[in-house]
Each structure stands twice: as C-alpha cells, then as structure tokens.
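Novice: Starting from these lines, generate the structure:
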Amino acid sequence: FLNEEPFLNEELRMMYFQEHLERLCWQQGNMKQTAPAQRMADFTRKKLSYDLPESSYAPGLVSSPLHFWMPAFIADRLSKGFQQFGKYSHGFLTNEAILIGVETRTSAPVRIIRDKETLQHVRIKGLFPCGEGAGYAGGIVSAGIDGERCAEAAKAFLN
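Specialist: All right, here's what the predicted structure looks like:
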C-alpha cells in the first residue's frame with residue numbers, strides 16, 4: 001500500500017495508510033461500530049477464532065482473521081512478538097486474550113511544529129498546537145499535561 005501511487009511521494013502517506021487500515025477494520029467489523037477481533041493464540045497460528053471471549057467493548061466484537069487482512073509487515077511482527085514474549089512470560093500467549101483491531105488514533109501521524117519556548121506555531125503567532133492531534137502527546141494524561149502547558153503559555157502571550 002505505501003508503495004502504491006499516488007501515495008509514493010506524498011508527505012502525508014502515513015495518514016493515508018492510517019485511513020486505509022481504518023477502512024479495512026470498518027469493513028471487517030460489518031461496516032458498523034462492531035470491532036473485528038481474534039483470539040491471540042489463533043492469531044499467531046493464523047486460525048480463525050470461531051468464538052470470542054467476553055469484552056468490555058460495548059458495540060460488540062466480530063470474529064475476523066486479523067492475520068489475513070492486516071498488512072503482513074504488521075501482522076507478522078505482532079505474531080513473532082507475541083510468541084517470543086509468550087516464551088518468557090508463562091500464560092501471556094493464550095486464547096483467553098483477544099486482539100481487537102485496529103487502534104489508529106492514539107496520536108497524530110504528523111506533528112505541527114511549535115516553538116520550544118513559547119509553544120506557539122513557528123509561523124502563526126497566537127496558535128498553540130497541543131495534545132494528541134498536534135503530535136505532542138500519546139495518551140489522555142500526556143495530552144492533559146501538554147494542554148495545561150499550552151494554556152499557561154497562551155495566558156502569558158495574552159498578558
């Protein structure tokens with residue numbers, strides 16, 4: 001996918017790749033909010049999970065062969081990682097664990113550059129890129145901390 005036209009020379013090709021994965025996931029989730037899922041051991045053995053354990057994901061899960069539709073460079077590395085970690089941590093690699101795919105919105109695939117001192121955009125004064133959407137955090141806690149820093153910087157800018 002990343003080598004296909006028109007994405008080959010695009011600066012935002014990772015964003016397009018993210019959208020591609022989300023589209024595949026939506027299709028595998030029956031084009032609803034249900035999420036495609038597979039038992040972990042089944043994933044590493046490249047087997048379809050005929051049933052799934054209970055999950056806290058409210059819209060529900062749909063059994064899906066993640067190993068089949070995910071890009072091989074992701075599925076293969078995940079599988080090898082799970083298998084290797086399973087050798088060292090007894091009970092980790094089990095069919096009681098489920099993989100739910102795919103989480104793509106933890107942080108922005110691009111970063112909006114800001115000044116390290118003022119936290120303002122390098123060209124647009126008064127604009128404070130912050131949090132996950134601007135590429136400065138990877139989760140709710142770090143986004144909150146970055147937001148607080150930007151709010152303090154904005155206050156200093158306005159005073």
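Novice: Which residue of this protein lies farthest from its centroid?
Specialist: The outermost residue of the chain relative to its centre, with distances by CA atoms, centre = their mean, is Asn159 at 38.2 Å.
Novice: How about the secondary structure of Arg123?
Specialist: coil (DSSP: H, G, I helix; E, B strand; the rest coil).
Novice: which regions of this structure sit below the pLDDT cut-off?
Specialist: 1-9, 105-109 (pLDDT under 70).
Novice: Map the structural domains onto the sequence of it.
Specialist: With domains defined by the TED database, the chain comprises 10-100, 110-158.
Novice: distance of the residue farthest from the centre of the chain from Ala153?
Specialist: Look at Asn159 and Ala153: by CB to CB, to the nearest Å, they are 11 Å apart. (C-beta placed from N, C-alpha, C; glycine too.)
Novice: With Gly133 instead?
Specialist: 17 Å.
Novice: So for those two, which residue has more residues nearby?
Specialist: Neighbour count, other CB atoms under 10 Å: between Gly133 and Ala153, Ala153 has more, with 18 against 14.
Novice: Now do the contacts for the residue nearest to the more buried one when sequence neighbours are not counted.
Specialist: Leaving out its chain neighbours, the residue that sits closest to Ala153 by CB to CB, 6 or more residues apart in numbering is Leu119, at 4.0 Å. Going by CB atoms under 8 Å, 6 or more residues apart in numbering, Leu119 touches Phe128, Cys130, Arg149, Cys150, Ala153.
Novice: What values do phi and psi take at the first one?
Specialist: When quoted as degrees, to the nearest 10, the phi and psi of Phe128 stand at phi -120, psi 90.
Novice: what residues does the longest helix along the chain touch?
Specialist: Longest helix in the chain by number of residues (criterion: DSSP state H): helix 140-158. For helix 140-158, contacts defined as CB under 8 Å, 6+ apart pick out Thr118, Leu119, Gln120, Lys125, Gly126, Phe128, Pro129, Cys130, Gly131, Glu132, Tyr136, Ala137.
Novice: Please state the offset of that helix from the chain centre?
Specialist: Taking CA atoms, centre = their mean, to the nearest Å, the mean C-alpha location of helix 140-158 is offset from the chain mean by 24 Å.
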